[in-house]
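**Student:** Next comes the sequence, and after it the predicted model I'd like to discuss.
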Amino acid sequence: MSLKLNCDLGESFGSWTMGMDAEVMPHIDQANIACGFHAGDPLVMKKTLALAKANNVTVGAHPGYPDLVGFGRRTMNCQPDEVAALLQYQIAAIDGMAQSQGLELNYVKPHGALYNDMMKNTELRQVIMQAIADYHKPLALMLQSTPDAAAHKAEAEQAGISLLLEAFADRCYDDDGKLLARTKPGAVHTKEKMLAQVEQLKATGTVTTVSGNTLKLDVDSLCVHGDNMAGVQAIAEIRALIS
């Protein structure tokens with residue numbers, strides 16, 4: 001299995017610093033850049049795009065609910081037309097700034113609660129797909145690979161967009177293909193288990209679930225996190241494993 005690495009970046013805001021973007025960027029293939037609604041601001045967006053350009057990293061929009069205080073991790077009861085508008089607004093912002101630096105926006109990966117809600121709610125997922133399809137140029141949608149990937153691909157094809165399916169390097173999977181809730185023991189892997197999971201995905205396209213079952217996943221990209229130096233070092237080790 002050929003795998004890319006993606007990471008959520010550009011999430012600093014004003015004087016508040018989040019993540020280690022400069023240290024992470026050399027090790028990844030795809031940067032999911034916050035668009036100002038859950039995190040990020042115009043200057044952070046500009047600097048993150050420049051880092052991506054310097055490291056030849058593909059750029060994606062990382063839009064979320066308009067929830068700076070909650071970092072986009074709280075569900076908001078937005079109507080379908082509101083969801084479409086807030087997505088296109090954020091996509092257009094990062095797209096315009098990318099073009100000003102000679103970069104092309106390639107895909108969209110919703111953030112936080114919007115991502116989780118999209119995975120659980122068929123209607124919301126289809127609204128998001130249609131909003132991306134209605135954007136003035138082709139963009140892919142990145143979402144979690146699950147046993148329902150074939151159905152998600154069919155939805156995307158009907159909307160006229162392509163999908164990028166992602167797995168999570170550091171998270172344990174439940175038997176149904178969902179991520180094990182963070183409230184449960186073992187939900188976040190140790191470094192050793194994370195690297196073993198990456199090796200397994202690379203070799204067989206599978207993960208081992210919390211109960212020991214083998215789950216087949218169709219994966220294009222691995223999501224990694226670089227909020228601290230240990231995380232950055234782990235990304236570098238994952239990069240070596242999949243290269």
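**Tutor:** Done, it's in. Numbers count the residues shown, from 1 in each chain.
**Student:** quick one, helices of this structure?
**Tutor:** Ranges of helices in the chain, per DSSP state H, are 21-24, 42-54, 80-100, 112-120, 122-133, 149-159, 191-204, 229-242.
**Student:** any idea which residue sits dead centre in this protein?
**Tutor:** In the chain, the residue lying closest to the centroid (C-alpha atoms, centre = their mean) is K109, at 4.8 Å.
**Student:** show me the contacts for the residue nearest to it when sequence neighbours are not counted.
**Tutor:** What sits nearest to K109 in space, not counting adjacent residues and going by C-beta to C-beta, 6 or more residues apart in numbering, is M142, at 3.9 Å. (Each C-beta comes from the backbone N, C-alpha and C, glycine too.) For M142, the contacting residues are 6, 32, 60, 107-109, 163-166, 221, by C-beta atoms under 8 Å, 6 or more residues apart in numbering.
**Student:** send the alpha carbons of the lowest-mean-pLDDT helix or strand in the chain over as CSV?
**Tutor:** Every helix and strand of the chain was ranked by mean pLDDT, DSSP states H and E. The lowest is helix 229-242, at a mean of 91. Taking C-alpha atoms only, helix 229-242 is exported to CSV below (Å, rounded to 0.1, in the frame of the first residue of the first chain):
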residue,chain,number,x,y,z
MET,A,229,8.8,17.3,19.8
ALA,A,230,8.1,13.6,20.6
GLY,A,231,5.3,13.8,18.0
VAL,A,232,7.5,15.3,15.4
GLN,A,233,10.1,12.6,16.0
ALA,A,234,7.4,10.0,15.7
ILE,A,235,6.3,11.5,12.3
ALA,A,236,9.9,11.2,11.1
GLU,A,237,10.0,7.5,12.1
ILE,A,238,6.7,7.0,10.3
ARG,A,239,8.0,8.7,7.2
ALA,A,240,11.0,6.3,7.2
LEU,A,241,8.6,3.3,7.5
ILE,A,242,6.5,4.1,4.6
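**Student:** Could you pull out the buried residues of it?
**Tutor:** 231-232, 234-236, 238-239, 241-242 (16 or more other C-beta atoms under 10 Å).
**Student:** and if you look at stretch 140-155?
**Tutor:** 140-146, 149, 152, 155.
**Student:** thinking again about what came up before, identify whichever of the helices of the chain lies nearest to V210.
**Tutor:** helix 191-204 (11.4 Å; C-beta to C-beta).
**Student:** Cheers, nothing more for now.
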